[in-house]
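Colleague: Predicted structure and sequence below. I'll ask about it afterward.
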Amino acid sequence: MINSYAGLDDAEVAIAAACAGADVVRTLYGRPLARVDKGAGDFATAADVEAEKAIFAVLRAARPDDAALGEESGRQGASDAARQWLVDPLCGTLNYAVGNMLVAVNVALRDGAAAVADPFSGEVFFTSGETAWARRDGASAPLTPTPATRLVDVNLDPPFPSAPGFRAVDLLACPGFVERFRPRVVSTTIALAWVAAGRRAAYVTDGGDVSGSVHFAAGIALCRAAGCVVTGIDGAPIGPTARGLVAAADADTHRSLMAMIRDSATESACTTTPAAPPSDSNCSTGTTTRPR
């Protein structure tokens, strides 16, 4: 049998795999689907499982010597493989399960190419690791981040590992935040692709190290290749020591968000009083800081 993936570079393999998963997600949309309980209110649907199978089938055919890590089935491939693919077959499962089309299919080669597919718009955002593009109906265009929309996606999903020092929800009550930005909550990492594409000014989420996460790896790769500013919520470079993620279209947006995040650690963060209105530069009126 002829291998239809022979000769494809890593970016095209990522695209093919993400699109295979997206086809499954789109086909199963709206059908009654069995659920797999993961605990703590989290679950997967049959669409998650079947999409991951389709993605893995492409990766095995195109890169048989590589390993893969999937959200639903864990690690596959040789334990000593030099390369590993990170797969989130359906990011936004709860959205999908209730009939909301805000979802993404994420496929990323660790420290390499990546693709994020939108099953319902037909778009796929991808990077070779150096440049970032969007493809639709066979035509590709470079991704160009911009803060012009002023829209910032904030991930509000629990757990909140940095609380009480920081919770992303605190930004929504911050006068400085709402004066400059407009919050959005889409509950899927398609929002990271939108930052790279100029449709969002930034994305903020709490958490631990996201660099090797099946949820975030593809979106981070897109943002970096597009020229966005990407750090943890503590300002550290993404990696084992960083916490969470701030991906901003430009340096000015990133600086503003980091100031608000730092100030949200104060005891009276993001509140106002008649005697001490907040300054334009931050969202805090207090001076007592909580443990970080």
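Modeller: That came through, no problem. What you see is a predicted model; the values in this text were computed from it and never measured.
Colleague: Which of the helices and strands in the chain ranks last by mean pLDDT?
Modeller: strand 35-39 (a mean of 88; mean pLDDT, DSSP states H and E).
Colleague: Local confidence estimate at Pro159?
Modeller: pLDDT, Pro159: 77.
Colleague: Phi, psi for it please.
Modeller: When read as degrees, to the nearest 10, the backbone of Pro159 gives phi -80, psi 170.
Colleague: Thr149 too?
Modeller: The phi/psi pair for Thr149 (degrees, to the nearest 10) is phi -70, psi -30.
Colleague: List the strands paired with the longest strand seen in the chain, with their directions.
Modeller: If you go by DSSP state E, the chain has its longest strand at strand 84-91. Sheet pairing for strand 84-91, assigned by DSSP bridges, gives strand 67-70 (parallel), strand 104-109 (antiparallel).
Colleague: Out of those, which one sits most buried?
Modeller: Mean neighbour count (mean count of other CB atoms under 10 Å) peaks for strand 104-109 among those, with a mean of 31. For the C-beta atoms, the positions are set from N, CA and C on the backbone; glycine is no exception.
Colleague: So which residues make contact with that strand?
Modeller: 10, 14, 17-18, 21-22, 25, 51, 55, 59, 66, 83-92, 114-119, 188-190, 193, 214-215, 217-219, 221 (CB atoms under 8 Å, 6 or more residues apart in numbering).
Colleague: on contacts alone, who are the packing partners of whatever helix or strand Thr27 lives in?
Modeller: Using DSSP states H and E, Thr27 maps to helix 10-28. If you count contacts as 3 or more CB pairs under 8 Å, 6 or more residues apart in numbering; DSSP states H and E, helix 10-28 packs onto helix 46-62, strand 84-91, strand 104-109, strand 114-117, strand 124-127.
Colleague: Mind jotting down where the strands sit in the stretch 151-292 of the chain?
Modeller: In the stretch 151-292 of the chain, the segments counted as strands under DSSP state E, counting those that start in this stretch are 151-154, 182-184, 202-205, 229-231, 245-248.
Colleague: Pull the contacting residues for the most centrally placed residue in the chain.
Modeller: Centroid-nearest residue in the chain: Thr189, 3.2 Å away (criterion: CA atoms, centre = their mean). Going by CB under 8 Å, 6+ apart, Thr189 touches 88, 91-92, 104, 106, 116, 215-216, 218-219.
Colleague: Pull out the buried members of those.
Modeller: Using 16 or more other CB atoms under 10 Å as the burial test, the contacts of Thr189 include 88, 91-92, 104, 106, 116, 215-216, 218-219 as buried.
Colleague: which one of the strands of the stretch 151-292 of the chain lies closest to Ile238?
Modeller: Closest approach to Ile238 among the strands of the stretch 151-292 of the chain (CB to CB): strand 229-231, 6.0 Å.
Colleague: Direction included, what does that closest one pair up with?
Modeller: strand 245-248 (antiparallel).
Colleague: Buried ones among the contacts of strand 104-109?
Modeller: Among those, the ones that count as buried by 16+ other CB under 10 Å are 10, 14, 17-18, 21-22, 25, 51, 55, 59, 66, 84-92, 114-119, 188-190, 193, 214-215, 217-219, 221.
Colleague: Low-confidence regions, the stretch 1-150 of the chain specifically.
Modeller: For the stretch 1-150 of the chain, the stretches flagged by pLDDT under 70 are 1-2.
Colleague: Burial check on the nearest residue to Asp137 once chain neighbours are set aside, number of neighbours?
Modeller: Spatial nearest neighbour of Asp137, excluding adjacent residues (CB to CB, 6 or more residues apart in numbering): Gly122 at 7.0 Å. Using other CB atoms under 10 Å, Gly122 is surrounded by 13 other residues.
Colleague: Thr149 too?
Modeller: Count around Thr149 with other CB under 10 Å applied: 17.
Colleague: need the contact list for the closest residue to it other than its chain neighbours.
Modeller: Spatially, and ignoring its direct neighbours in sequence, Thr149 is nearest to Ala201 (5.6 Å; CB to CB, 6+ apart). With contact taken as CB under 8 Å, 6+ apart, Ala201 is in contact with 146-152, 181, 195, 248-249, 253.
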